[in-house]
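Novice: have a look; sequence and predicted model below, questions after that.
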Amino acid sequence: MKFNYVAKQLSTVKRLMATTLLCMLAIAFVWQGAFFSNTSAMAAPAGTLIAYDDADRAQDKAGRDAGRTKNFIDDTADKVKDAAKSNASKVDQATDNDSPIGRKAKKDAATIQRRASEDASRTKEAVDNTKNVVERTVENIKDAFGQ
């Protein structure tokens with residue numbers, strides 16, 4: 001019997017504490033103006049100018065990074081081509097002149113060089129596409145700010 005009495009009292013105390021906390025939070029929000037604030041004062045032109053400058057910097061960085069990436073792609077393609085030539089030369093030197101293995105090595109080297117060039121051009125095109133997407137997005141953001 002006593003257990004039910006204690007449980008009922010605790011339930012009442014919990015409900016009273018929850019109601020008090022809720023009322024205090026409501027008063028604090030109203031006091032600070034969280035529900036009734038004037039949002040038109042938040043649209044200051046200074047913030048727009050900062051975002052506009054950041055957008056310009058983002059576009060410049062996208063262009064610089066794309067250029068660096070293209071140079072890296074060209075360097076990598078050149079290294080692959082050089083390695084293919086070197087390997088074909090080593091195979092040719094190790095075998096008799098005009099042997100089937102030597103011809104196969106030269107043919108494989110030519111295929112590797114061609115594919116390296118194709119892969120490099122496709123990758124550079126993808127870099128350009130990505131850079132263009134970034135620049136278009138930045139332009140859209142600038143247009144959204146109205147500048």
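Specialist: Perfect, I can see it now.
Novice: give the buried residues for stretch 62-78.
Specialist: Ala62, Ala66, Thr69, Lys70, Ile73, Ala77 (16 or more other CB atoms under 10 Å). No exception for glycine: its C-beta is placed from N, CA and C like everyone else's.
Novice: need these in JSON lines with pLDDT, secondary structure and distance to Pro100, can you?
Specialist: Below are the buried residues of stretch 62-78 laid out as JSON lines (pLDDT from 0 to 100; DSSP: H, G, I helix; E, B strand; the rest coil; distance: CB to CB, whole Å):
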{"residue": "Ala62", "pLDDT": "81", "secondary structure": "helix", "distance to Pro100": "50"}
{"residue": "Ala66", "pLDDT": "83", "secondary structure": "helix", "distance to Pro100": "44"}
{"residue": "Thr69", "pLDDT": "86", "secondary structure": "helix", "distance to Pro100": "40"}
{"residue": "Lys70", "pLDDT": "85", "secondary structure": "helix", "distance to Pro100": "39"}
{"residue": "Ile73", "pLDDT": "86", "secondary structure": "helix", "distance to Pro100": "34"}
{"residue": "Ala77", "pLDDT": "88", "secondary structure": "helix", "distance to Pro100": "29"}
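Novice: can you tell me which of these is nearest Ala88?
Specialist: Ala77 (16.7 Å; CB to CB).
Novice: how deep is the nearest residue to that closest one once chain neighbours are set aside tucked in, by neighbour count?
Specialist: Closest residue to Ala77 apart from its sequence neighbours, by CB to CB, 6 or more residues apart in numbering: Ala120 at 3.8 Å. By other CB atoms under 10 Å, 19 other residues sit near Ala120.
Novice: can you name every helix or strand that the helix or strand harbouring Ala120 contacts?
Specialist: Under the criterion of DSSP states H and E, Ala120 resides in helix 100-145. Judged by 3 or more CB pairs under 8 Å, 6 or more residues apart in numbering; DSSP states H and E, helix 100-145 is in contact with helix 45-94.
Novice: so what secondary structure elements neighbour the helix it packs on?
Specialist: Using 3+ CB pairs under 8 Å, 6+ apart, helix 45-94 sits against helix 100-145.
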